[in-house]
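Trainee: Build me a model from this:
(4 chains)
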Number of protein chains: 2
Amino acid sequence: MPAMRLNEFLPYRLAVVAEAVSHALAAVYGKRYALSRDEWRVLAQLAEVDEIKTTELGALTTLDKMQVSRALKRLEADGMVERRIDDSDRRNLRVRLAPPGRSLYRKVVPMAQARESFLLEALTEQERQTLVDLLDKLLAQARKLRDAG
Amino acid sequence: MPAMRLNEFLPYRLAVVAEAVSHALAAVYGKRYALSRDEWRVLAQLAEVDEIKTTELGALTTLDKMQVSRALKRLEADGMVERRIDDSDRRNLRVRLAPPGRSLYRKVVPMAQARESFLLEALTEQERQTLVDLLDKLLAQARKLRDAG
DNA sequence: TATTGTTATACTCTATAACTATA
DNA sequence: TATAGTTATAGAGTATAACAATA
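Mentor: A predicted model of the protein is given here:
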């Protein structure tokens, strides 16, 4: 009777792999540096820019405005980021990494990269590129599905 | 200063894709059939076997014993599965799909497969196989990381 | 003592939406 | 009216561990 095999069902496989990888990473930024996944994403993204609007931050981290708001609140309370009102549109907040945030980032990144490197050791350079390409295609298709309902 | 780019960080990309795919799927089994992800996995796995021990079910669905216990409790309360004590070792429970569970399964699967098919349309047959292979390698490596700590 | 499975508990995440302030 | 961002709240998912029954 089995009309499908769970273990060959792509969404299942993808979820299992992503969960395992996510766990391996959270052991670094979470257990070791007490950052939530959202805070880690925000921190990592802020390190790549000088100053950025909160809305842009959401788009770049795939987080919604509520997740961004909460992550920033925690990071700001810990002195990791600074926010200031944008005088040209006082609804906007502009965010930037504060020195302690940069310092934290510089501590977390090498460990995160070490884990990523270990994971990537399982693949050749060619395979890594292929994987990223295939994941991209899949993401685009998944978003079509979401947009269609 | 950016020592890494979030958007090129494999764990991030993988999480984003998996989340999008997972959402697309949950729209079917969750919104439409009121099943949690764990219940859906258990249901799908049970459909592939006649009768199975709870512990085996956990291994096959990548769920821990607590998740399995709760998923089964709900499914049993709804009449979807039956459980009976294994007389050769009375600590074990043996689980099987009840007729309403089979019926539910037969309703959910075509819709789940339709979503999977749509996702897979983005890839050639060759690419699908490659993706599965690469994900497998990555999973094995991630598990090494977990086992090492 | 170890294992199967359940339950308790606390914690985190997620989703929806109401709300404030600006525009 | 519409947008940026915050807050409230309820529900779902997760992790740890205590527990009962059996081996």
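Trainee: Just the strands from chain A, written as ranges.
Mentor: In chain A, the strands defined using DSSP state E lie at A:52-53, A:81-85, A:93-97.
Trainee: show me the contacts for residue A:39.
Mentor: A:29, A:71, A:74-75 (C-beta atoms under 8 Å, 6 or more residues apart in numbering or on different chains). Quick note: C-beta positions are derived from backbone N, CA and C, even for glycine.
Trainee: Could you report the separation of the nearest residue to it once chain neighbours are set aside from residue A:8?
Mentor: Excluding its sequence neighbours, the residue lying closest to residue A:39 (C-beta to C-beta, 6 or more residues apart in numbering or on different chains) is residue A:71, at 4.7 Å. Residue A:71 sits 37 Å away from residue A:8, going by C-beta to C-beta, to the nearest Å.
Trainee: The residue lying closest to residue A:105 once chain neighbours are set aside - how many residues pack around it?
Mentor: Using C-beta to C-beta, 6+ apart and skipping residues adjacent in sequence, the residue nearest residue A:105 is residue A:47, 4.8 Å away. The local packing of residue A:47 (other C-beta atoms under 10 Å in any protein chain shown) involves 21 other residues.
Trainee: swap in residue A:139?
Mentor: As a burial measure, residue A:139 scores 19 neighbours (other C-beta under 10 Å).
Trainee: pLDDT value on it, please?
Mentor: Residue A:139 is assigned 97 on the pLDDT scale.
Trainee: got it, and residue A:149?
Mentor: 68.
Trainee: Up against DNA strand D, what does chain A have?
Mentor: Neighbours of DNA strand D within chain A, by C-beta under 7 Å from any atom of the strand: A:23, A:53-55, A:65-66, A:68-70, A:72-73, A:83, A:91-93.
Trainee: Which ones among those also lie next to chain B?
Mentor: The subset of the residues of chain A next to DNA strand D lying close to chain B, counting by C-beta under 8 Å from any C-beta of the partner chain, consists of residue A:23.
Trainee: Buried subset of the residues of chain A next to DNA strand D, written for PyMOL?
Mentor: The buried subset of these, as determined by 16 or more other C-beta atoms under 10 Å in any protein chain shown, is captured in PyMOL by this line:
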select buried, chain A and resi 54+68+72+83+93
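Trainee: Sort out for me which of the residues of chain A next to DNA strand D are in helices.
Mentor: A:23, A:54-55, A:65-66, A:68-70, A:72-73 (DSSP state H).
Trainee: between the residues you listed, which is closest to chain B?
Mentor: Checking these against chain B by C-beta to the nearest C-beta gives residue A:23 as the nearest, at 6.3 Å.
Trainee: The nearest residue to the closest one once chain neighbours are set aside: what's it in contact with?
Mentor: Closest residue to residue A:23 apart from its sequence neighbours, by C-beta to C-beta, 6+ apart: residue B:146 at 6.3 Å. Residue B:146 makes contact with A:20, A:23-24, according to C-beta under 8 Å, 6+ apart.
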